[in-house]
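Trainee: below is the sequence, then the predicted model.
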Amino acid sequence: MNQSIFPINFPHSKKLSKYKRLNVSVLDHSVLDKKSRPLNYLRISVLDQCNFRCPHCMPDEIFHKNYIFMKNENLLSFNEIARIVRIFSKLGVQKIRLTGGEPLLRKNIQELIKVLTCIRTPSGKPLDIGLTTNGSLLAQKAFILKKAGLRNITVSLDALDPKIFSKMIGKQKITPQTILNGIEIAKKAGLMPIKINMVVRHSINKTEILSMVKKFRHTGNILRFIEYMDVGNTNNWDLNEVIPTQEIINFIEKKYPLIALNDSNMGRVAKRWKYKDGGGEIGFISSITDAFCSGCTRARLSPDGKLFTCLFSSKGYDLRSDLRNQNLSDEDLANIWSKIWKLRQDNYSEKRNVIRNFSNPDQKIEMSYIGG
Ligand code: SAM
Ligand code: SF4
Ligand code: SF4
């Protein structure tokens with residue numbers, strides 16, 4: 001495999017200084033988009049399949065037993081993913097997140113993690129490698145993942161009540177206790193702090209907010225509430241189902257007063273808070289009521305090698321064809337791919353209302369395909 005180090009066209013220093021003031025880790029070789037946002041985070045969806053059918057993500061009316069998922073031969077191999085990551089690390093990427101679908105269903109995922117841990121940024125630092133999972137296989141895999149070099153893990157858990165949990169995950173025969181066991185074992189394996197993601201739906205799990213807060217305070221885990229988003233075309237998204245972050249904060253504060261943590265770190269999507277009584281940290285991801293596009297430094301890679309510059313994109317750029325073109329060196333690929341980022345203008349969440357009202361919304365890719 002070609003591992004050449006190559007020159008990239010550097011962005012000019014005036015633009016960089018703005019982010020340095022914002023405490024963004026901007027390397028001299030970072031590529032900036034049209035809105036001067038560096039590329040420093042790559043989310044990699046390793047599989048479009050999942051063993052859950054969360055109605056907000058993969059409703060089972062659409063993703064039923066006859067649904068045709070991606071064929072194995074169309075998935076990027078681990079070597080191909082590693083080559084992409086190696087090249088993107090030269091363009092500024094410092095953080096990687098493996099996701100899906102359900103990433104723990106991808107066979108031997110630990111082998112990919114092992115390869116990724118060997119990659120270094122141009123300044124010689126290892127990449128920050130994380131994984132987001134529904135937790136159903138975590139108890140079996142936590143120690144293997146840690147041993148392979150995984151740095152951090154996010155577990156999705158939308159309810160503690162078994163009936164409500166079942167509605168949130170599409171009536172699979174898995175209980176919240178299975179996920180909680182996975183979290184405990186991940187903790188024992190040393191994958192701390194664990195982030196717990198809870199998508200809040202007005203008609204399904206809003207009654208679980210306080211139980212989740214109680215469960216995860218004082219545990220070292222960081223619970224994060226996510227506003228239900230209009231990703232993809234299949235979840236029948238309805239604004240009435242969204243509970244704005246501010247309402248959730250007001251509700252929690254009646255029982256557990258909170259303090260906002262000042263956080264100027266660009267690229268961080270969750271607003272961080274802590275409990276006044278020392279119960280630990282809690283976060284809020286508010287794509288609907290508090291768009292964070294101006295600080296969005298993430299690109300997303302689909303299991304078949306398409307690059308998306310926004311979660312709400314309709315088209316991806318086919319990296320796999322470039323990758324399988326034997327005439328292109330790593331240096332050629334870096335130059336071609338850096339141009340994709342340089343042309344980026346995405347800010348869907350900032351203009352969601354206009355887009356949803358005046359254009360055809362049936363154009364977005366599915367969350368399970370590019371991994372949230
Ligand atoms: N299967 C894994 C999981 O559930 O953690 C990883 C993939 S999942 C697409 C990544 C994250 O997206 C999860 O935390 C999930 O709750 C979140 N998510 C899925 N659909 C969403 C939606 N419509 N709005 C907000 N978050 C969503
Ligand atoms: Fe699967 Fe995660 Fe989507 Fe739920 S949110 S259906 S667990 S990919
Ligand atoms: Fe980033 Fe697109 Fe989300 Fe805005 S809408 S924060 S550009 S992924």
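Mentor: Sure thing, it's come through. Numbers count the residues shown, from 1 in each chain. Ligands and ions are numbered 1, 2, ... in the order given.

Trainee: make it CA atoms for all contacts and neighbour counts henceforth
Mentor: Will do.

Trainee: contacting residues for Tyr275?
Mentor: Counting by C-alpha atoms under 8 Å, 6 or more residues apart in numbering, Tyr275 makes contact with 256-259, 281-282.

Trainee: do that again at 6 Å, thanks
Mentor: Neighbouring residues of Tyr275 by C-alpha atoms under 6 Å, 6 or more residues apart in numbering: Leu258.

Trainee: can you list the residues of the stretch 251-372 of the chain near ligand 2?
Mentor: Ser368 (C-alpha under 6 Å from any ligand atom).

Trainee: got the residues of the stretch 251-372 of the chain near ligand 3?
Mentor: Checking the stretch 251-372 of the chain against ligand 3 by C-alpha under 6 Å from any ligand atom, the hits are 292-293, 296, 310-312, 346-349.

Trainee: tell me the contacts of the residue of the stretch 101-250 of the chain found nearest ligand 2?
Mentor: As assessed by C-alpha to the nearest ligand atom, ligand 2 sits closest to Gly101 within the stretch 101-250 of the chain, at 3.8 Å. Contact analysis of Gly101 by C-alpha under 6 Å, 6+ apart lists 47-50, 368.

Trainee: re the thing from before, can you say which of the residues of the stretch 251-372 of the chain next to ligand 3 are buried?
Mentor: 292-293, 296, 310-312, 346-349 (16 or more other C-alpha atoms under 10 Å).

Trainee: quick one on the thing from earlier: from Glu73, how far off is the residue of the stretch 101-250 of the chain closest to ligand 2?
Mentor: Separation of Gly101 from Glu73 (C-alpha to C-alpha, to the nearest Å): 17 Å.

Trainee: which secondary element of the chain has the worst mean pLDDT?
Mentor: Least confident helix or strand of the chain, by mean pLDDT, DSSP states H and E, is helix 13-21 with a mean of 38.

Trainee: after that helix comes which helix or strand?
Mentor: Using DSSP states H and E, the next helix or strand after helix 13-21 towards the C-terminus is strand 41-45.

Trainee: apart from its chain neighbours, what residue comes closest to Phe216?
Mentor: Leu223 (6.6 Å; C-alpha to C-alpha, 6 or more residues apart in numbering).

Trainee: so when I look at that neighbour, I'm seeing a strand, right?
Mentor: Yes - assignment of Leu223 by DSSP: H, G, I helix; E, B strand; the rest coil places it within a strand.

Trainee: that one against Phe284, yeah?
Mentor: No - if you go by C-alpha atoms under 6 Å, Leu223 and Phe284 don't touch, sitting 8.5 Å apart.

Trainee: quick one: the helices in the stretch 101-250 of the chain?
Mentor: 109-117, 138-148, 162-169, 176-189, 209-216, 245-255 (DSSP state H, counting those that start in this stretch).

Trainee: just the pLDDT at the residue of the stretch 101-250 of the chain closest to ligand 2, thanks.
Mentor: Model confidence at Gly101, given as pLDDT, is 96.

Trainee: and the one 3 residues further on, by the same measure?
Mentor: The predicted structure scores Leu104 at 98 on the pLDDT scale.

Trainee: if I look at it, how far off is ligand 3?
Mentor: As judged by C-alpha to the nearest ligand atom, to the nearest Å, Leu104 and ligand 3 stand 23 Å apart.

Trainee: so what's the residue count around that residue?
Mentor: Applying other C-alpha atoms under 10 Å, we find 26 other residues in the vicinity of Leu104.

Trainee: coming back round to it: so which of Leu223 and Phe284 has more stuff around it?
Mentor: Comparing Leu223 with Phe284 by neighbour count (other C-alpha under 10 Å), the higher total belongs to Leu223, at 25 against 22.

Trainee: state the distance from the more buried one to Leu157.
Mentor: Relative to Leu157, and taking C-alpha to C-alpha, Leu223 is found at 9 Å.

Trainee: ok, now Phe225?
Mentor: 10 Å.

Trainee: what touches both of the two?
Mentor: Common neighbours of Phe225 and Leu157 (C-alpha under 6 Å, 6+ apart) are Met198.

Trainee: go ahead and confirm Arg272 touches Gly283.
Mentor: Yes - between Arg272 and Gly283 a contact is recorded at 4.6 Å, counting by C-alpha under 6 Å.

Trainee: could you list the low-pLDDT ranges of this protein?
Mentor: Applying pLDDT under 70 to the chain picks out residues 1-29, 264, 266-267, 355-363.

Trainee: ranges for the strands of it?
Mentor: With DSSP state E as the criterion, the chain has strands at 41-45, 95-99, 128-133, 152-156, 195-200, 222-227, 258-260, 271-275, 281-285, 298-301, 306-308, 317-318.

Trainee: export those to CSV and tack on distance to Ile209?
Mentor: Below are these laid out as CSV (distance: least, C-alpha to C-alpha, whole Å):
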stretch, distance to Ile209
strand 41-45, 27
strand 95-99, 25
strand 128-133, 20
strand 152-156, 14
strand 195-200, 8
strand 222-227, 9
strand 258-260, 15
strand 271-275, 15
strand 281-285, 12
strand 298-301, 28
strand 306-308, 32
strand 317-318, 39
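
Trainee: for Gly182, which of the ones you listed is the nearest?
Mentor: Gly182 lies closest, by C-alpha to C-alpha, to one member of the strands of the chain: strand 152-156, at 8.9 Å.

Trainee: any part of that closest one near ligand 2?
Mentor: No - applying C-alpha under 6 Å from any ligand atom, one finds strand 152-156 separated from ligand 2 by no less than 7.3 Å.

Trainee: that strand vs strand 195-200, what angle?
Mentor: 30 degrees (axes from the mean of the first three to the mean of the last three C-alpha atoms, to 10 degrees).

Trainee: quick one: contacts of strand 152-156?
Mentor: Residues external to strand 152-156 that are found in contact with it (C-alpha under 6 Å, 6+ apart): 130-135, 191, 194-197.
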